[in-house]
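Colleague: Got a predicted model here, sequence first, then my questions.
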Amino acid sequence: STEKHSMPSELDNDELRLQEFVYSDKFVEVNQKENKSSLLFTIVKQLSTGKDIYRIPVPAFVLDSQSFLEKYARFWQPSTNTVNLCAVKNPFDRFMNVVKNFLCMSRKMNSKSLRRSKPYNAILGETFYSYYDMKDGSRIRFFAEQVSHHPPITAFVVENEKNQWYHSEYFKANMKYRLNTITVKVKGTRRLHLLPYGEVYEIKSPCVCLRGLLKGKAHLEVVEDLIVTCNKLPYKAEIKFAHKSDEIKGKIINLDDKKTLCTFSGDFTDSIKVTDKKTKKTSELYNVKAMKDNYMHVKPVYQQLSNESRKVWHNVTYNIKLDNNKEATIQKNIVEDKQRDLRKSEAAKGIKESDWKPVYFELDDEKHWVYKHEGEFVLSKFDFDDQEGDSDEVTKKLKEYNLKHKNDISLQEEESSDDEDTDDEDADG
């Protein structure tokens, strides 16, 4: 019965404050072993080959403890050595750094395991806001809104007012099941605007496959190409992701004479090198080991509105983090059932989901979702006072949790180290 389980909105602020520690970057989740057969049974029972799967519930161990909206904020989380693109005067170097930034986002992908690989499907009207303070005194702001639920479409904007750039994007994830593989193809637009130069960069995203559902080691794999072009520069980047590994190979070509200017190679989760075709000189484009993420500022759950991501999914996240998978599944069902009931109630009144009007995004003449305030830099209105790092209250709760689970955490770290040394059998889908 849902009456026995409280929704996040029913928890008072004191309870939410006490549970805030699970969002700390220092929190270590104690995981049970993944149960692939549970996922397999769910998929086989509910799918016919080729059917869309975004409506299918999955076992709690597969769920990432965040919404798709927050997941994308994590991809956009800059490192402390992120370059201010608008300060790069040389056009080719500027283009190269744009390519580098989008390649760097791939490093956040957990390609080695099925566990915690699927974020929550955001509810209609859900929002997420975060910001990152940079070394140059600027602030990068991220805002996302779920503009459709069936099919799921997410729109978001990232902006830096001081440095005069913004990125606007929307995507529709089209997921298909084929035998041993789930394929996620992303449709939408990705556009980075560098205002001082009037440059608009178009980014074509590759798709992602989850392989090894029935046979072999379950893992994520990036397939197809990452393509970057610019409206004012004669360059094109083509990055190819290797089959069955995190290796990439790519190049930047001059569109005027079709000549290759440089080539890329390496592991996108580790290190990428670039070779200048003219000088034959090779240098490191980026090294993950030398990168440190900027702190992501997110408003505490007890201060969030009812449609903000962490508030919507708090009871699910809290139980996933504590590895209470059964309770997490119950809480996830509560959130989703509430949405279904709401849609049914609206349908009875003649209101369709297509009648929904997002607050910050709208469809343009080409039926693409665009940010209503592009180039206006209005996201500062969502800012809030926040220290960098954990509050004293969160630090205290973390110490209590770590002391209680000290043995479990130590054992898990040992098993994780052993897993890295084991090369399991892989399988094609």
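Modeller: Nice, I can see it.
Colleague: For the closest residue to Asn81 other than its chain neighbours, the count of nearby residues, please.
Modeller: Nearest residue to Asn81, sequence neighbours excluded (CB to CB, 6 or more residues apart in numbering): Met291, at 6.6 Å. To be clear about C-beta, it is placed using only N, CA and C from the backbone, and glycine gets the same treatment. When neighbours are defined as other CB atoms under 10 Å, Met291 has 14 of them.
Colleague: Just the pLDDT at Met291, thanks.
Modeller: Met291 is assigned 91 on the pLDDT scale.
Colleague: hang on, it packs against Ser79?
Modeller: Yes. Here Met291 reaches Ser79: they are 4.2 Å apart, a contact under CB atoms under 8 Å.
Colleague: Return every residue with contacts to both of these two.
Modeller: Common neighbours of Met291 and Ser79, using CB atoms under 8 Å, 6 or more residues apart in numbering, are Cys104.
Colleague: quick one: the strands in the stretch 101-250 of the chain?
Modeller: Applying DSSP state E, counting those that start in this stretch to the stretch 101-250 of the chain gives strands spanning 118-120, 127-133, 139-148, 153-160, 165-178, 181-194, 199-204, 207-211, 219-223, 225-230, 235-241, 247-254.
Colleague: Just send these back as CSV, with distance to Leu342 too.
Modeller: Formatted as CSV, the strands of the stretch 101-250 of the chain follow (distance: least, CB to CB, whole Å):
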stretch, distance to Leu342
strand 118-120, 17
strand 127-133, 17
strand 139-148, 14
strand 153-160, 18
strand 165-178, 22
strand 181-194, 26
strand 199-204, 35
strand 207-211, 30
strand 219-223, 33
strand 225-230, 38
strand 235-241, 40
strand 247-254, 43
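Colleague: so which of those gets nearest Ala347?
Modeller: Judged by CB to CB, the one of these that comes nearest to Ala347 is strand 139-148, at 15.7 Å.
Colleague: what angle sits between the closest one and strand 165-178?
Modeller: Strand 139-148 and strand 165-178 meet at an angle of 40 degrees, taking axes from the mean of the first three to the mean of the last three CA atoms, to 10 degrees as the criterion.
Colleague: what packs against strand 139-148?
Modeller: Strand 139-148 sits against helix 68-75, strand 127-133, strand 153-160, with contacts defined as 3 or more CB pairs under 8 Å, 6 or more residues apart in numbering; DSSP states H and E.
Colleague: Adding mean pLDDT, write these out as TSV.
Modeller: Shown next, in TSV, are those (pLDDT from 0 to 100):
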stretch	mean pLDDT
helix 68-75	93
strand 127-133	97
strand 153-160	96
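Colleague: ok, back up a step: nearest to Tyr401, out of the strands of the stretch 101-250 of the chain?
Modeller: It is, among those and with distance given as CB to CB, strand 118-120, at 22.7 Å.
Colleague: Let me know the distance separating Tyr216 from Asn180.
Modeller: One correction, residue 216 is Gly, not Tyr. Note on Gly216: its distance to Asn180, by CB to CB, to the nearest Å, is 7 Å.
Colleague: do Phe171 as well
Modeller: 25 Å.
Colleague: The two - which one has more neighbours?
Modeller: Between Phe171 and Asn180, counted using other CB under 10 Å, Phe171 has the larger neighbour count: 20 against 17.
Colleague: so what's that one closest to, chain neighbours aside?
Modeller: Using CB to CB, 6+ apart and skipping the chain neighbours, the partner closest in space to Phe171 is Gly188 (3.8 Å).
Colleague: just checking, Tyr166 touches Phe142?
Modeller: No. At 10.7 Å, Tyr166 does not count as touching Phe142 under the criterion of CB under 8 Å.
Colleague: joint contacts of these two?
Modeller: Residues touching both Tyr166 and Phe142 (CB under 8 Å, 6+ apart): Val157, Val158.
Colleague: surely Lys251 meets Thr260?
Modeller: Yes. Between Lys251 and Thr260 there is a contact under CB under 8 Å: 5.0 Å.
Colleague: Could you check which of the two is surrounded by more residues?
Modeller: Taking neighbours as other CB under 10 Å, Lys251 and Thr260 compare with Lys251 leading, 18 against 13.
Colleague: which residues of the protein fall in helices?
Modeller: 13-19, 36-46, 68-75, 91-105, 309-312, 314-321, 325-348, 392-404, 406-420 (DSSP state H).
Colleague: got a list of contacts for the shortest one?
Modeller: Going back to what we said before, that points to helix 309-312. Counting by CB under 8 Å, 6+ apart, 8-9, 23, 66-67, 69-70, 122-123, 126-128, 298, 301, 304-306, 317, 335 sit against helix 309-312.
Colleague: what about the nearest residue to Ser283 once chain neighbours are set aside, how many neighbours?
Modeller: Distances taken as CB to CB, 6+ apart put Val274 closest to Ser283, at 6.0 Å, once the chain neighbours are dropped. Neighbour count of Val274, defined by other CB under 10 Å: 21.
Colleague: Tell me how far Val274 lies from Lys236.
Modeller: Separation of Val274 from Lys236 (CB to CB): 15 Å.
Colleague: Kindly report the same for Gln77.
Modeller: Using CB to CB, Gln77 is found at 27 Å from Lys236.
Colleague: Tell me which of the strands of the stretch 101-250 of the chain sits nearest to His368.
Modeller: Each of the strands of the stretch 101-250 of the chain has some distance to His368 by CB to CB; the shortest is strand 181-194, at 5.4 Å.
Colleague: Which parts of the closest one count as buried, going by neighbours?
Modeller: For strand 181-194, a neighbour-count test (16 or more other CB atoms under 10 Å) marks Thr181, Ile182, Thr183, Val184, Lys185, Val186, Thr189, Arg190, Arg191, Leu192, His193, Leu194 as buried.
Colleague: Could you point out the member of these that lies closest to Val158?
Modeller: Top of the list for closeness to Val158, among these and by CB to CB, is Leu192 at 8.7 Å.
Colleague: how about the nearest residue to that closest one once chain neighbours are set aside, what does it touch?
Modeller: In this structure, Leu192 finds its nearest non-sequential neighbour in Tyr201, 4.2 Å apart by CB to CB, 6+ apart. Contact analysis of Tyr201 by CB under 8 Å, 6+ apart lists Val98, Arg191, Leu192, His193, Leu194, Val228, Thr229, Cys230, Asn231.
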